[in-house]
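Q: need a structure here:
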Amino acid sequence: MVKPFIKIGDRKIGEEFSPLVIAEIGINHEGNIAKAKRMILDAYHVGAECVKFQSHVVEDEMIPEARKVIPGNAKESIYDIMERCALTQEEEIETKRLVESLGMIYLCTPFSRAAADRLHEMGVSAFKIGSGECNSYPLIKHIASFKKPIILSTGMNSLDNVSKSVKILEENDIQYALLHCTSMYPTPYNKVRLGALNDMREKFPNAVLGLSDHSLGIYTCLGAIPFGASILEKHFTSDRRWPGPDVPISVDPTELEELIKGSRAIHEALGGKKEILPEEQVTIDFAYSCVVSTAYIPRGELFSMDNLWVKRPGTGEIKAESLDEVIGRYATRDIEKDTQLKWGDTTSEKYAS
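A: Modelled structure (predicted):
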């Protein structure tokens with residue numbers, strides 16, 4: 001059975017392929033295009049395939065009432081944060097051009113209909129939809145109308161909520177991925193709940209799955225891979241000393257590089273079954289033990305624990321596991337000390353000739 005996958009540009013994403021690591025620059029640039037470019041280049045230099053931004057057309061995203069709402073991890077209103085951190089359309093085009101010139105995938109999350117239209121006009125190859133918009137079904141319908149792959153984060157939403165979004169995507173024949181997410185900043189490890197990926201696989205068998213992670217470090221992302229996560233999203237910054245809304249929960253270039261390398265290593269290590277590999281024979285030859293004589297044994301003598309034991313190397317005919325089968329038999333020839341026994345050296349008949 002072919003496992004589900006999506007394709008963004010030439011990159012196939014699914015359990016049969018190495019996980020796609022998304023370095024989410026988001027709004028960590030705080031509206032500074034130079035910092036945005038620095039983060040793009042730093043991500044590229046440590047091997048990132050994909051960077052993601054956020055697109056905020058504030059007047060189409062929020063009403064002035066939002067100036068009274070302060071996120072739990074901030075000291076200013078969500079309206080003021082987005083107003084300060086939003087890139088202009090020209091700057092978004094500039095960042096996309098740089099990302100794609102480096103051969104990376106450019107992703108950007110629209111937080112409004114106007115932002116989605118802007119990104120569509122820019123020719124993005126896919127859309128990322130954040131957890132806050134997971135149950136904004138009108139916006140999801142609008143983005144689905146562009147007929148491009150969609151990666152949907154599912155934090156703060158129940159399986160029933162996500163089901164309604166999935167129905168929209170499937171009715172529009174959209175290639176899609178669902179990211180498990182806990183919308184806490186930072187997320188305590190005991191609230192990450194990697195087991196949710198099992199629930200999502202059972203509920204949404206057609207979905208590519210992943211993790212959008214807000215915990216500290218790269219541990220939980222790596223841990224998600226055996227649960228079937230094919231997309232790993234982490235906030236990213238060039239320098240954690242910089243100010244920025246999500247900088248405290250972001251990975252830096254060193255951690256991003258380790259996440260990329262580690263995700264590929266773990267993916268390669270998955271699967272298989274417990275069996276002896278042909279490539280292990282060279283190790284077997286020295287690491288196994290075989291039945292050997294521990295003293296001179298004349299023909300006809302009884303084999304016992306007094307004249308037999310098991311020693312390396314493993315090149316003998318009778319391996320250590322068969323020692324008990326040799327004990328109580330008789331030597332068919334004279335055997336010098338420290339000789340690897342062969343079955344032909346033994347007989348059940350006393351004083352064999």
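Q: gap between the most centrally placed residue in the chain and Ile22?
A: Nearest to the mean C-alpha position of the chain, by CA atoms, centre = their mean, lies Ile225 at 4.0 Å. For Ile225, the distance to Ile22 (CB to CB, to the nearest Å) stands at 14 Å. (C-beta placed from N, C-alpha, C; glycine too.)
Q: double-check that the residue nearest to the centre of the chain belongs to a helix.
A: Yes. Remark: Ile225 belongs to a helix, assigned using DSSP: H, G, I helix; E, B strand; the rest coil.
Q: that one against Glu268, yeah?
A: No. Counting by CB atoms under 8 Å, Ile225 does not reach Glu268; the two are 10.4 Å apart.
Q: following element in sequence after the helix or strand of the chain with the lowest mean pLDDT, please.
A: When the helices and strands of the chain are compared on mean pLDDT, DSSP states H and E, helix 78-85 comes out lowest with a mean of 89. Per DSSP states H and E, the first helix or strand lying C-terminal to helix 78-85 is helix 89-101.
Q: which parts of that following helix are buried?
A: Neighbour counts using 16 or more other CB atoms under 10 Å place 89, 91-92, 95-96, 98-99 of helix 89-101 among the buried residues.
Q: pLDDT of that helix, averaged?
A: Helix 89-101 comes out with an average pLDDT of 98.
Q: try stretch 328-342
A: 97.
Q: how far does that stretch sit from its chain's centre?
A: Centre-to-centre, stretch 328-342 and its host chain are 55 Å apart (CA atoms, centre = their mean, to the nearest Å).
Q: go on, stretch 88-105?
A: 25 Å.
Q: does anything pack onto the least confident helix or strand of the chain? Which helices or strands?
A: On a contact count with 3 or more CB pairs under 8 Å, 6 or more residues apart in numbering; DSSP states H and E, helix 78-85 meets helix 58-61.
Q: what packs against the helix it packs on?
A: Helix 58-61 packs on helix 78-85, helix 113-122, going by 3+ CB pairs under 8 Å, 6+ apart.
Q: how far away is the closest residue to Pro298 other than its chain neighbours from Tyr351?
A: Closest residue to Pro298 apart from its sequence neighbours, by CB to CB, 6 or more residues apart in numbering: Asp334 at 5.5 Å. Distance, Asp334 to Tyr351, by CB to CB: 13 Å.
Q: okay, these two: which has more neighbours?
A: Asp334 (13 against 10; other CB atoms under 10 Å).
Q: what is the burial count for Phe146?
A: Phe146 has 16 neighbours, counted by other CB under 10 Å.
Q: my read: it touches His120, true?
A: Yes. Counting by CB under 8 Å, His120 is a contact partner of Phe146 at 5.0 Å.
Q: how big is the angle separating the host helix or strand of Ile140 from helix 113-122?
A: Assessed by DSSP H and E, Ile140 sits inside helix 137-144. If you take axes from the mean of the first three to the mean of the last three CA atoms, to 10 degrees, helix 137-144 sits at 10 degrees to helix 113-122.
Q: can you name the next helix or strand after helix 137-144?
A: strand 150-153.
Q: any idea of the mean pLDDT for that following strand?
A: 98.
Q: what's the next secondary structure element after that strand?
A: Next helix or strand after strand 150-153 toward the C-terminus (DSSP H and E): helix 159-171.
Q: what about Gly210, is that helix, strand or coil?
A: Gly210 - assigned by three-state DSSP - is strand.
Q: need the contact list for it.
A: Contacts of Gly210 were listed using CB atoms under 8 Å, 6 or more residues apart in numbering, and they are 19-20, 151, 177-180, 224, 229-233.
Q: among those, which lie within helices?
A: Cross-referencing the contacts of Gly210 against helices under DSSP state H gives Ala224.
Q: mind putting the contacts of Gly210 into JSON lines with neighbour count?
A: Formatted as JSON lines, the contacts of Gly210 follow (neighbours: other CB atoms under 10 Å):
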{"residue": "Pro19", "neighbour count": "26"}
{"residue": "Leu20", "neighbour count": "27"}
{"residue": "Ile151", "neighbour count": "27"}
{"residue": "Ala177", "neighbour count": "27"}
{"residue": "Leu178", "neighbour count": "27"}
{"residue": "Leu179", "neighbour count": "30"}
{"residue": "His180", "neighbour count": "26"}
{"residue": "Ala224", "neighbour count": "26"}
{"residue": "Ala229", "neighbour count": "29"}
{"residue": "Ser230", "neighbour count": "28"}
{"residue": "Ile231", "neighbour count": "25"}
{"residue": "Leu232", "neighbour count": "25"}
{"residue": "Glu233", "neighbour count": "26"}
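Q: break this structure into its domains for me.
A: For the chain, the structural domains run 9-269, 278-347, going by automatic domain parsing.
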